[in-house]
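*Asks:* Starting from these lines, generate the structure:
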Amino acid sequence: MTLLCADWPVPPANPWTRERVVGAPPILVASTRDDPSTPLVWAQGMHRQIDGSGLLVADLTGHTAYFNSACARRAETDYLITGRLPASGHCGA
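*Replies:* Coordinates of the predicted model:
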């Protein structure tokens, strides 16, 4: 988005800054090892910004861990039902 707006003639009213998220209930950030649409480093960055969050990485190539990994699907479904973060940070396919 930055490249698209680089020549915009109006200065931003609210420039992007890294925000720390505190006080939220446990949030699970899920990604895959090699996601061509949303790279793992983005998920890792989001995880670092959200206090008390969990990061679940499915060890596969593709977008959306939930639909491409039975292990991730089980962990994410359990999280949605119970609100508890999974113990492990990595899932196989």
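
*Asks:* So residue 31 belongs to a strand, correct?
*Replies:* Yes: assigned with DSSP: H, G, I helix; E, B strand; the rest coil, residue 31 falls within a strand.

*Asks:* Show me what it is bridged to.
*Replies:* residue 57 (DSSP bridges).

*Asks:* Surely it and residue 66 touch.
*Replies:* No: using Cβ atoms under 8 Å, residue 31 is not in contact with residue 66, being 10.7 Å away. Quick note: C-beta positions are derived from backbone N, CA and C, even for glycine.

*Asks:* higher neighbour count, those two?
*Replies:* residue 31 (23 against 17; other Cβ atoms under 10 Å).

*Asks:* how many neighbours does residue 32 have?
*Replies:* That count, for residue 32 with other Cβ under 10 Å as the rule, works out to 27.

*Asks:* cool, and residue 76?
*Replies:* 19.

*Asks:* what's the distance between the nearest residue to residue 40 once chain neighbours are set aside and residue 47?
*Replies:* The shortest distance from residue 40 to any non-neighbouring residue, by Cβ to Cβ, 6 or more residues apart in numbering, is to residue 31 (5.2 Å). Computed as Cβ to Cβ, to the nearest Å, the residue 31 to residue 47 distance reads 9 Å.

*Asks:* ok, back up a step: ok, now which ones touch the residue nearest to residue 40?
*Replies:* The contact partners of residue 31, by Cβ atoms under 8 Å, 6 or more residues apart in numbering, come to 38, 40, 42, 43, 44, 55, 56, 57, 58, 65.
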